[in-house]
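Asker: structure, please.
(chains A and B)
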Number of protein chains: 2
Amino acid sequence: MRKFAAEKSNNLLAHRKICAVSLQHPTASVFSSQSHQNPLPQSSILLRFLSSAASNPSAPSESMASDYSSTPIKIDSINPKVLECEYAVRGEIVNLAQKLQEDLKVNPDSHPFNEIIYCNIGNPQSLGQQPITFFREVLALCDHPAILDKGETQGIFSADSIERAFQILDQIPGRATGAYSHSQGIKGLRDTICSGIEARDGFPADPNDIFLTDGASPAVHMMMQLLIRSENDGILCPIPQYPLYSASIALHGGSLVPYYLDEATGWGLEVSDVKKQLEAARSKGIDVRALVVINPGNPTGQVLAESNQQQIVDFCKNEGLVLLADEVYQENIYVPDKQFHSFKKVARSMGYGEKDISLVSFQSVSKGYYGECGKRGGYMEVTGFAPEIREQMYKLASVNLCSNISGQILASLVMSPPKVGDESYESYTAEREGILSSLARRAKTLEDALNSLEGVTCNRAEGAMYLFPRISLPNKAIEAAKSVKTAPDAFYARRLLNATGVVVVPGSGFGQVPGTWHFRCTILPQEDRIPAIVSRLTDFHKAFMDEYRD
Amino acid sequence: MRKFAAEKSNNLLAHRKICAVSLQHPTASVFSSQSHQNPLPQSSILLRFLSSAASNPSAPSESMASDYSSTPIKIDSINPKVLECEYAVRGEIVNLAQKLQEDLKVNPDSHPFNEIIYCNIGNPQSLGQQPITFFREVLALCDHPAILDKGETQGIFSADSIERAFQILDQIPGRATGAYSHSQGIKGLRDTICSGIEARDGFPADPNDIFLTDGASPAVHMMMQLLIRSENDGILCPIPQYPLYSASIALHGGSLVPYYLDEATGWGLEVSDVKKQLEAARSKGIDVRALVVINPGNPTGQVLAESNQQQIVDFCKNEGLVLLADEVYQENIYVPDKQFHSFKKVARSMGYGEKDISLVSFQSVSKGYYGECGKRGGYMEVTGFAPEIREQMYKLASVNLCSNISGQILASLVMSPPKVGDESYESYTAEREGILSSLARRAKTLEDALNSLEGVTCNRAEGAMYLFPRISLPNKAIEAAKSVKTAPDAFYARRLLNATGVVVVPGSGFGQVPGTWHFRCTILPQEDRIPAIVSRLTDFHKAFMDEYRD
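Answerer: This is a model prediction of the structure:
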């Protein structure tokens, strides 16, 4: 397998920007079943992320590349950073799924299933989750304020949604919901968000620290753009990681410096291990600028303990690293023994103020119980940067003018939902609790089902929206994958899709300890569909293992 | 002045990415009044764009930079491309305006005016323009589809808005308006957009060619990201230009290769001049990859003649350049003798097909008569790129998942407004014509007023949303500007703001022939405000000239 990985690497396009950091993986021994076959990697784990370029099913298929010989742009003359970047969550496997879906439209009997179930991406409403009524009422009223004072409106909108819409309109200069806002977002909405942060953390929040963005992704890009000067700048990222980080680092020409989460301890984050990776990177001349922490974890679902977070804060402070805290799953906690603590709250509780630690917290309306992915709302809270750096952030935000106003409004709503006494409070609470408790049940059912499969182990999803089971694949399956030039977990995922219509993302898209194989599967299909999914998955896995058992 | 420009240049931060292309300006003679004092520049015009870094009024003012000495990120350790990038439309002058606005809130008598009038940016609804009712009705219904089948809804929404909302929901898989869509946007909406393009152009359009984006800006960034590999890659841009282009080229580390528009011929675009600039750039080793054309022009307001567009198409084809066509003002035409033609229509009319020319057309919901800036909707239509390049564009789009769904819906609506026979048709037409005819009157009134000022000449706004008058500043004013280290037009704009509350953008933010001075002023204040603005502007200008007359 080591040889295989090396061969794959040799086939890849130029990797000029990849950090050649030796990994010193402290938990290798727990993977002893594979690790004796798989010596620890001597070069960047990023090499292992890169799979063949995604093919876009919507590109005009009738045209051969050669027909474009008279057009100026060739594949070897585009920005190589674009070629290097990969994003498995919408990669090859999803393109195949879209093709199968087209097949089913033409002929419902073309495959041994009648629908595609997209478990590749945290996209709750695509799988039937309904939006929170109050949020949508307010958005509709802000979109068309002309109906606010009509009698009919009171018959079909809740009283508090009407009141909230009036409040929000009053916060928008000139009530102009169709105008560009301040580049950081509408000030009044940032005030509301800060009240929500203060209620959550018990520490003050400043609207000048809030940058509203079209989802969390542009905020992550903005920070990478600010921090990365060249391939000699490194960003510490967890492995496994959400591939937005590897993609953004690649696009901005930096180096991803990996640190492993420990699967054996529920995807634990060992600061001593992070420190080893930091030192290894520094010894190679990499200027490590920031540490990314995803909490709750994606794809891994763990929720960090407060004591662990304190270690991380101290580590960043002592090592001079910006702490980039991906906290978009802060509302998605499924186990009673775990609780979300924002890194800002943890840092402030330790007595660290604005000038002690540089901390960016990312939040999104795409996740949480609301799952409003299509609205592209989100924000980052930026603390501990000097005013002249903040000016540069403001300039970057202003080049794109502002984020979309509906997303801005929604970001304020999720940080300030209906309260006791509001007309919508009961229905809102019922909708929220219904979604969260159902997600918790789905997570447990899927986790148990996965753990019952031969050669599969799966940590619990304490939070977020995913399970990330490890699959011990038989050597014959690994050889079969090799023969079709595919990573073994991608081979498994492709077979799963072709057999069941269930779309998962291979672990190689997120990074994993070499020689281990995983996939990420969302817990998002509606609850009444879970038994069928479990049954399809179980049947497929059994047949797969029977076919390839050594 | 030449000396002054050189001095300024020396003060600037490192310009590693700036194209050192000698400008051979073919129309120098028409500016003879200045040109004998101002020899043509021997180095990149970009040097002249760069002004002092914008200061963000919302940055915590109580903190001195030195207090952040223990935080890791310093101004000289961030990405230098970020430092280099400038965006005057929201730059220093706007920050001053925001400060004055705060002053007025505290004390309405603090300045010799009672309000700030933002003529710096094409943001119609911020100045009182009302949204098109039909568009907002459909958006509201799509935001909250639960009310679609309620009786009250028919009382407060038009029948065709309800019908359109149903149609759109049927185009969204699972009717999930809160789900991430396909990375290029919802297929059914792209179909609608293509029908609109076909009706406009009389040539087929393919939904696979459409990438829906959060306004046009991310689409421009995506193309720059794809095309620019290093400072040796150049993009031909008009001067004056919309500073999104210079900002995006700077952020992606490329070189802006300038070509001048000819003010004397109504901001004419001379292909022979563009060719000279191209050759000069090539002789310096710059690989020029694309030509940006803004039609109707921003900040210059000209509408290209079809014959001129044909020359441009042939030029791009012959020289192997991608044609990046900024067509966001396609609905904003104010003179009967000019008409908008899309570059795709022009190319197809010339017999050039998909494989003959690489062409990207940018469109936005922020402009047009609708002016829905805050919705952040837009698209690019991409033709003439090989499938493997299109795959890379798709991958870039997928890293950010998708653009916001409300913006996507609105993009489909503006390309497919109510038609004869629809219930909303009459009111929609009245709203549209009311806005466009008023904008035409405002443009004419402001143009005439500007042309009546001493030393001011102003081409007509044939389209777009701006006037870009040239001001012949007295030497004493130029000296006064120099003494406070400010560009003379920025000095004028600042004085104008302080005296009148009217915010305009100095020409130096867009680029201009050296030694000429301009400002960009939108035509967007509501019509009943125009006389007061004209009067304030006239009084100010007279006083300014009296103060500084040589």
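Asker: please make it C-alpha for all contacts and neighbour counts, starting now.
Answerer: OK.
Asker: can you point me to the longest helix in chain A?
Answerer: What stands out as the longest helix in chain A, according to DSSP state H, is helix A:425-451.
Asker: what's that one packed up against?
Answerer: Using 3 or more C-alpha pairs under 8 Å, 6 or more residues apart in numbering or on different chains; DSSP states H and E, the elements in contact with helix A:425-451 are strand A:456-457, strand A:466-467, helix A:530-548.
Asker: and chain B, which of those is closest to it?
Answerer: Closest approach to chain B among the helices and strands packed on helix A:425-451 (C-alpha to the nearest C-alpha): strand A:466-467, 16.9 Å.
Asker: what's the first helix or strand after that closest one?
Answerer: Per DSSP states H and E, the first helix or strand lying C-terminal to strand A:466-467 is strand A:470-471.
Asker: what's the mean pLDDT across that following strand?
Answerer: Strand A:470-471 shows a mean pLDDT of 96.
Asker: ok, stretch A:214-232 next?
Answerer: On average, stretch A:214-232 scores 97.
Asker: could you do stretch A:343-351 as well?
Answerer: Stretch A:343-351 carries an average pLDDT of 98.
Asker: name the residues of it that are buried.
Answerer: Within stretch A:343-351, the residues scored as buried using 16 or more other C-alpha atoms under 10 Å in any protein chain shown are A:343-348.
Asker: nearest to chain B among those residues?
Answerer: Nearest member of the buried residues of stretch A:343-351 to chain B, counting by C-alpha to the nearest C-alpha, is residue A:347, at 13.9 Å.
Asker: name the nearest residue to the closest one, ignoring sequence neighbours.
Answerer: residue A:313 (6.4 Å; C-alpha to C-alpha, 6 or more residues apart in numbering or on different chains).
Asker: hang on, isn't that neighbour packed against residue A:349?
Answerer: No - taking contacts as C-alpha atoms under 8 Å, residue A:313 lies outside contact range of residue A:349: 10.9 Å.
Asker: got the CA positions of stretch A:231-241 in CSV?
Answerer: What follows is stretch A:231-241, C-alpha atoms only, in CSV (Å, rounded to 0.1, in the frame of the first residue of the first chain):
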residue,chain,number,x,y,z
GLU,A,231,4.2,28.2,0.1
ASN,A,232,6.4,28.9,3.1
ASP,A,233,3.4,30.0,5.2
GLY,A,234,1.7,27.1,6.9
ILE,A,235,-1.7,26.5,8.5
LEU,A,236,-2.1,23.7,11.0
CYS,A,237,-5.2,21.7,10.1
PRO,A,238,-6.7,18.6,11.7
ILE,A,239,-6.6,15.3,9.9
PRO,A,240,-9.3,14.4,9.0
GLN,A,241,-10.4,17.9,8.1
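Asker: how close does residue A:343 get to residue A:352?
Answerer: 11 Å (C-alpha to C-alpha, to the nearest Å).
Asker: which SS state does residue A:363 fall under?
Answerer: Look at residue A:363: counting by DSSP: H, G, I helix; E, B strand; the rest coil, its state is strand.
Asker: once you drop chain neighbours, what's closest to it?
Answerer: That would be residue A:328: by C-alpha to C-alpha, 6+ apart, it lies 4.4 Å from residue A:363.
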